[in-house]
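What follows is a predicted structure for the sequence shown.
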Amino acid sequence: MDFNDNKEEAAFRAEAAAWLKANAPSEEELAGMDELAAAKMWQKRKYDAGWACIRWDKEFGGRGANAIQQVIWNQEEAKYKVPAGFFVIGQGMAAPTLMTWGKPEHHERYLPKLASGEEIWCQLFSEPAGGSDLAALRTKAERDGDDWIINGQKIWTSGAHYSDYGILVVRTDPNVPKHKGLSYFFLDMKSPGVEIKPIKQLTGGANFNEVYFTDVRIPDSQRLGEVGQGWQVALTTLMNERAAIGGGGAGVNVEMAYRIANEVMIDDKPAIADSAVRAKLANWYVQESGLRFTGYRSMTAMSRGEIPGPENSIGKLVGAPKTQEMASFCMDLLEMSGAIWDENLSKEAGLVQLTYMGAPGGRIAGGTDEIMANIIAERVLGMPQEPRMDKGMPFSEVPTGSN
Amino acid sequence: MDFNDNKEEAAFRAEAAAWLKANAPSEEELAGMDELAAAKMWQKRKYDAGWACIRWDKEFGGRGANAIQQVIWNQEEAKYKVPAGFFVIGQGMAAPTLMTWGKPEHHERYLPKLASGEEIWCQLFSEPAGGSDLAALRTKAERDGDDWIINGQKIWTSGAHYSDYGILVVRTDPNVPKHKGLSYFFLDMKSPGVEIKPIKQLTGGANFNEVYFTDVRIPDSQRLGEVGQGWQVALTTLMNERAAIGGGGAGVNVEMAYRIANEVMIDDKPAIADSAVRAKLANWYVQESGLRFTGYRSMTAMSRGEIPGPENSIGKLVGAPKTQEMASFCMDLLEMSGAIWDENLSKEAGLVQLTYMGAPGGRIAGGTDEIMANIIAERVLGMPQEPRMDKGMPFSEVPTGSN
Amino acid sequence: MDFEFSDEQELLREQARGFLADNCPPTVVRKVLDGDAEYDAELWQKVAEMGWTATVIPEEFGGLGLSYLELVVIAEELGRAAAPIPFSSSVYLATEALLAVGSQEQKEKWLPLLASGEAIGTFALAEGNGRPSVSNLTTTAAGGLVNGRKIPVADGGIATFAVVVAASDQGDSASLQLVELDQSGVSREAVRTLDFSRGHAAINFNNAKAELLGGEGAGWAAMEGLLDRAAVLFAWEQVGLADAALNQARDYAMGRYAFGRSIASYQAIKHKLAGMYVKNTLARSNCYYGAWALDSDSSELALAAATARVGSIQASVHAAEENVQTHGGMGFTWEFDCQFYYRRAKLLSVNIGSEGYWQDRLITAYEQTNAA
Amino acid sequence: MDFEFSDEQELLREQARGFLADNCPPTVVRKVLDGDAEYDAELWQKVAEMGWTATVIPEEFGGLGLSYLELVVIAEELGRAAAPIPFSSSVYLATEALLAVGSQEQKEKWLPLLASGEAIGTFALAEGNGRPSVSNLTTTAAGGLVNGRKIPVADGGIATFAVVVAASDQGDSASLQLVELDQSGVSREAVRTLDFSRGHAAINFNNAKAELLGGEGAGWAAMEGLLDRAAVLFAWEQVGLADAALNQARDYAMGRYAFGRSIASYQAIKHKLAGMYVKNTLARSNCYYGAWALDSDSSELALAAATARVGSIQASVHAAEENVQTHGGMGFTWEFDCQFYYRRAKLLSVNIGSEGYWQDRLITAYEQTNAA
């Protein structure tokens, strides 16, 4: 057990650090650029130097690095304020699916442009009536010669409006059990009949979209996997989603709560002297620290060639409610001012309120708390599934309530 | 809304108080008597004066009083250290069942002796393989002329060894769905073939028994309800069990924790000055107080002629885990001495440990926390049952795992 | 013993609920939430016409002279409807302050205006982050002039006057000052909170003319007594909100299907909602006790109020959070009304002091009760 | 970066688990639980023969000179087996005290005896109810004589010597005193705790001959440093226990049927056990950090130890309680082994200071880390 790099790791870290030092964009360089342009510029620079998607094979635009090198790279890159976001879904979810299920011509055409950031992808899986029951989706695809005609609606698609391509699961046969009637495609987001509407959230922001399909045509050559095999293909995508979810030090963490507790007073002493405050911070520290070191254990496992398992679900299951509780508690520390959400009055406090308003999303996106607990019970502890009322039933006959 | 007695209630309270003052046994009178004999003596005295089972009809040995009068009586009686226990199951559960399902000759023969304390009853429902699934019981009864022959085993029977009679649910038909194959009897606990074995608990005590039946004969005249109607009859008993469960100030409550927190020190100040301690006590006080006033609302409803509903399940659902948490916390307050369970060293502390060891029983007996939550969800909030895998299935074909 | 509302009070509840269903549907909340107004003036007008603002004000001051049991019924229904009006500031705080420590003249001047809704009162204690204490008050009052800055002041942008807690060099070191807000010595800035459906302000006092309310140097004790009274009324509003959130969660769960059955049939959802019900029920029962103590001016008021407040904070925040969770992704959208409760629950939970503040007050009251 | 045990350490775990399965089955725990003995002397003997008591003792003092990573592996397995032996007192506390502050002579005298298991050491801090503090120590040491009463002392009835925390008039006002317990100045009474499978005692010192351990007036700091080290080792034992309780709950739930299906298929049980798993996993990961900090003598030890301790208290008590709950009525019987964990989890959770004590220590360490 050792926290330090071994020799090989240290060498890799030095190489990465040197390149970053020479090439990471300065604040001046980024000044005035919009976020998307900045992100694309940085991604392209990494790609050209062989530092983009470093675990991918070199032929796809990667570096052929291993998991621990990826972690080292991430740590080093995090030392710089470089543009981030935009590429997570494409590189983290669409690309592994293309690698597993796509044909060589798909790899050649799409992977390098994913790696270089030239093309951005989004994910079109969720539907309003689906929710936790993802496979209950209703968007349908009907065959028409060499094409498929898509009609229906997707929801919770982040980045739909700036994406070039989307990965899509649709129902090609409603008369077989739900998992068996699905097929998986990718499509050009500029196709006629695709309409994108932003979804306003509790926070007031709109990071997600609804995407409507009206007679959208997709060539059959953009199908991944066989017709009816869509669920299996989607699982590849979803497994990579789970791997992408970190233990996550969201904005509101023990460090921030500690800072606030040092600034505000309870009974004329800093709140951090109050033992009720101390006990709460201690419990959250145990969670944060536990998640961090669980992450280190996973990294070690990865570096030994093991594949991260469903136990990573605990990151989200612990982190999301913790974020909500902590944001709520930080407001309590601020007392009557806790409700103020006004960056002009208190930058830190504004972040607390934003976090509280955003926290319910964290407890839902990528699997609700309840689904995460199911996953742990079933896949880690080996406990049986609930009885499935829709098992073996043609999708068209499954009860759907009022929806 | 008024906490005070109305005129009628005040008069009743005065009458009860006067009688108690004149008749409640003194410590000297009870000295040297064993608990059972003392309880029987006190019960008989109340019975003779018309103060036993005061809500029962006068013909059965009661007083024909109403619910609020019962509460007033209980409050007044609680002011005296009179013998208690022993009669709860007979008077509170067996008797209402006899009243509803028994014939006039049953009423005449058994109810007055239940009221007077001359005869004690116990309950023989639970079985080792049953648990929360009470109706999955296996003890069988086979018809033999005018008798039934009972074979099987019951568990969790308190007072079996000093009881005269027991109420019993058995399976008379294994080839119909589980709720439909049951019948309900009462039996003489001295019948040949009844064997009683105490169950030692976590606390070291043995308040419950296993009861084994080997070819025990019960006359058919001791059946309540029709053959196959046993579940319905049992529900009468169980509804009365629920009504009997109070909000319960168990031994370890805020008052005791407050006392301990005043006695022990944290950082050279009484623990009650520690805000983490204060916050915990405040939360428990909210629960205790909430249960108390929920009880008052129920009493008011009863006094208006309403029947207490399943919302009373919250008493146990809140109270039982709270007792466990509080006992655990009181040990923490005592710090390293918290584990000491030695009445000679600390009477109060001994009670804390006893309570902690007994607490798991409270979370299980009369319905587990989980069953209580189901009851609230289904019967109060009207949410649907889980799918029942054994629905409509002959009992003999229901999967039972390794048991 | 009769621990229930009377038939007349239950009738009032029905009327109030019906009135709010008609006059405060979600569209009315949303109008304030989405717009620039700090409250719904039309609803406020109608509520005043119903006499709700006049409930406990004695008849001699233009009120209805009803009891607090009527007022808590209204408070619960306003909480259920997430009404976007300054009722808590004007009725639970300003009116109560005048009733408790106002002079005859002050009562005669202000109570009729409060009763009719023409005047909106509010209460100004906080001066920014952290728990107020008598030793860190920076707002001062001397010679009938108030100086300082109060933030946040609920409904401060629309209020006619504020009851301001100011430092004093006498007695308990504080005094209450009644300050009319439409004067040159007062400037106000709108302050956004996480509940866009309720207005808040920062108020700067610069030699603002003020009138002492209650005794000089008796302001801190008066403020604590006032918070006790307000705490019961806030608690009822919070319990109404908690109940509405539970009902919304239940209704949604019943109609939402996953894996071929209603999500309301899953124990994860059933036990979640049962937990909400339990918290709500305990909070409500504690609120009964609070209402009784408030109405009967019991010596147990401080304990009863803190108990009601702590329970209702916990119940309402929990119910609002788990209601969103039960709705899944839809609950996180602006389009769904779950947000009303989510915002309001947290706002009300810090408005007159946090859970931690009231837990401490509760044990202090418990100690005093036990010492007595 | 390599945040995992080595293959050799994993092999040690397998051996330890196998050894305890053979030599510490439930019947061995039950023998002490039901009987009058304060520990299982035979198991203690075997454990010593395995060299476990000698793990981190340097070879020059008769030990194996292995690292703390080996010792935590053993601790976890002892926790899993609920072993009824004085391992924590003798190894985590007494041995650590000698290693940390013992003189060369003291080490030469005692470490070989501790390594071989011939001597059992223990640690005596508590003097009854409440949190010990340097200002309320009543046990005194002067002129090589100790006077006072310590209660409870884990394994005090069977220990050869105790490391006693006594008041001092120098330095930090405390000193550690090594007191042999088989002398006329010492009397002991057995004290029953809620865990009948572990012996405890009250020890009276009446001019008992003692030897200063470490510096005069450096005892309180030494004691806190010692508790940090012991906290990591206790935490591993607790994590082993928590894991065993979860496994027991899971196995029972899988085999127990209600309403025609395994109770392990109900979300109420699944989510309960998932919650146990989450707590256990976080606690275990924090224990890794603690083990690393202990083994590398890191400046982060105080923070790492408190974090491991708080997490493992919470995980183990929760797992033990919910294991009983999952077993239903059977879990509440003497006959079932759930009680082993239920008793031991709570005992270990107060043995070297409660959750509250360690939460406070954690934030103190965090403050020091942040200040540094």
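Great, that's in hand.

contacts and neighbour counts: CA atoms only from here.
Will do.

Provide a list of residues in contact with residue 236.
This is for chain A. A:Thr236 is in contact with A:96-97, A:100, counting by CA atoms under 8 Å, 6 or more residues apart in numbering or on different chains.

could you do chain C instead?
Per CA under 8 Å, 6+ apart, neighbours of C:Trp236: C:72-73, C:75-76, C:79, C:284, C:287, C:312.

What is the burial count for A:Lys269?
Using other CA atoms under 10 Å in any protein chain shown, A:Lys269 has 12 other residues around it.

per-residue pLDDT, residue 44?
With no chain named, the answer covers chain A. As predicted, A:Lys44 sits at a pLDDT of 97.

wrong one, chain C
pLDDT, read off for C:Trp44, is 98.

C:Ser90 is in contact with that one, correct?
No. The pair C:Trp44 / C:Ser90 is not scored as a contact, 11.0 Å apart, by CA atoms under 8 Å.

Could you measure from A:Leu281 over to C:Val310?
As judged by CA to CA, to the nearest Å, A:Leu281 and C:Val310 stand 20 Å apart.

what about those two, which has more around it?
C:Val310 (28 against 25).

By proximity to chain B, which residue of the stretch 151-300 of chain A wins?
Sorted by distance to chain B under CA to the nearest CA, the residues of the stretch 151-300 of chain A start with A:Ala276, at 3.7 Å.

Give me the neighbour count for the residue in the stretch 151-300 of chain A positioned nearest to chain D.
Residue nearest to chain D within the stretch 151-300 of chain A (CA to the nearest CA): A:Gly290, separated by 4.2 Å. Residues contacting A:Gly290 under the criterion other CA under 10 Å number 30.

wait, isn't it in contact with D:Ala283?
Yes. The pair A:Gly290 and D:Ala283 passes the contact test of CA under 8 Å, sitting 6.3 Å apart.

Mutual contacts of these two, please.
Residues touching both A:Gly290 and D:Ala283 by CA under 8 Å, 6+ apart: none at all.

circling back: check the contacts of C:Trp236 against chain B, which are close?
With CA under 8 Å from any CA of the partner chain as the criterion, the contacts of C:Trp236 include C:Arg284 near chain B.

What residues of stretch A:384-396 count as buried?
A:384-386, A:390, A:393-395 (16 or more other CA atoms under 10 Å in any protein chain shown).

Endpoint to endpoint, that stretch covers what distance?
Terminal residues of stretch A:384-396 lie 26 Å apart, using CA to CA.

Skipping adjacent residues, who's closest to residue 61 in space?
Just so you know, I chose chain A. The spatial neighbour of A:Gly61 that comes closest, neighbours along the chain excluded (CA to CA, 6 or more residues apart in numbering or on different chains), is A:Pro112 at 5.1 Å.

wrong chain, I was asking about chain C
Counting by CA to CA, 6+ apart, the residue nearest C:Phe61 is C:Pro112, at 5.3 Å.

For chain A, spot the helix or strand the model is least confident about on average.
helix A:230-244 (a mean of 82; mean pLDDT, DSSP states H and E).

how about C:Leu212, secondary structure?
strand (DSSP: H, G, I helix; E, B strand; the rest coil).

Over to C:Trp236?
Strictly by three-state DSSP, C:Trp236 counts as helix.

For my notes, confirm the residue of the stretch 151-300 of chain A closest to chain D occurs in a helix.
Yes. With three-state DSSP as the criterion, A:Gly290 is part of a helix.

Model confidence for the residue of the stretch 51-200 of chain C found nearest chain D, exactly?
Going by CA to the nearest CA, chain D is nearest to C:Gly130 of the stretch 51-200 of chain C, at 20.2 Å. C:Gly130 is assigned a predicted lDDT (pLDDT) of 93.

and what of A:Ile307?
Here the pLDDT value assigned to A:Ile307 is 74.

Could you do C:Leu226 as well?
You'll see C:Leu226 listed with a pLDDT of 98.

Please, which helix or strand holds it?
Using DSSP states H and E, C:Leu226 falls within helix C:219-255.

What residues sit buried inside that helix?
Judged by neighbour count using 16+ other CA under 10 Å, the buried positions of helix C:219-255 are C:219-223, C:225-250, C:252-254.

what's the answer for stretch C:101-112, then?
Buried residues in stretch C:101-112 (16+ other CA under 10 Å): C:101-102, C:106-107, C:110-112.

Tabulate these (CSV), appending secondary structure and pLDDT.
Listed next are these as CSV, based on DSSP: H, G, I helix; E, B strand; the rest coil; pLDDT from 0 to 100:
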residue, secondary structure, pLDDT
C:Val101, helix, 98
C:Gly102, coil, 98
C:Gln106, helix, 98
C:Lys107, helix, 98
C:Trp110, helix, 98
C:Leu111, helix, 98
C:Pro112, helix, 98
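
Of the residues you listed, which is the nearest to D:Val163?
C:Val101 (63.6 Å; CA to CA).

what does the stretch 151-300 of chain C put close to chain A?
C:151-152, C:191-195, C:255-262, C:268.

10 Å - rerun?
Residues of the stretch 151-300 of chain C that fall close to chain A, judged by CA under 10 Å from any CA of the partner chain: C:151-154, C:191-196, C:200-201, C:252, C:254-263, C:266, C:268-269.

Just the buried ones among the residues you listed, please.
C:151-154, C:191-196, C:200-201, C:252, C:254, C:256-263, C:266, C:268-269.

Which ones among these lie within helices?
Mapping these onto helices (DSSP state H) picks out C:252, C:254, C:268-269.

Buried ones only from the contacts of C:Trp236, please, as a PyMOL command.
Buried members of these, defined by 16+ other CA under 10 Å, are picked up in PyMOL with:
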select buried, chain C and resi 72+73+75+76+79+284+287+312
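
Max pairwise distance over the contacts of C:Trp236: which two?
C:Val73 and C:Ser312 (15.1 Å).

any idea how far A:Pro399 lies from C:Asp251?
Distance from A:Pro399 to C:Asp251, counting by CA to CA: 17 Å.

Can you tell me the SS state at A:Asn209?
Going by three-state DSSP: A:Asn209 is strand.
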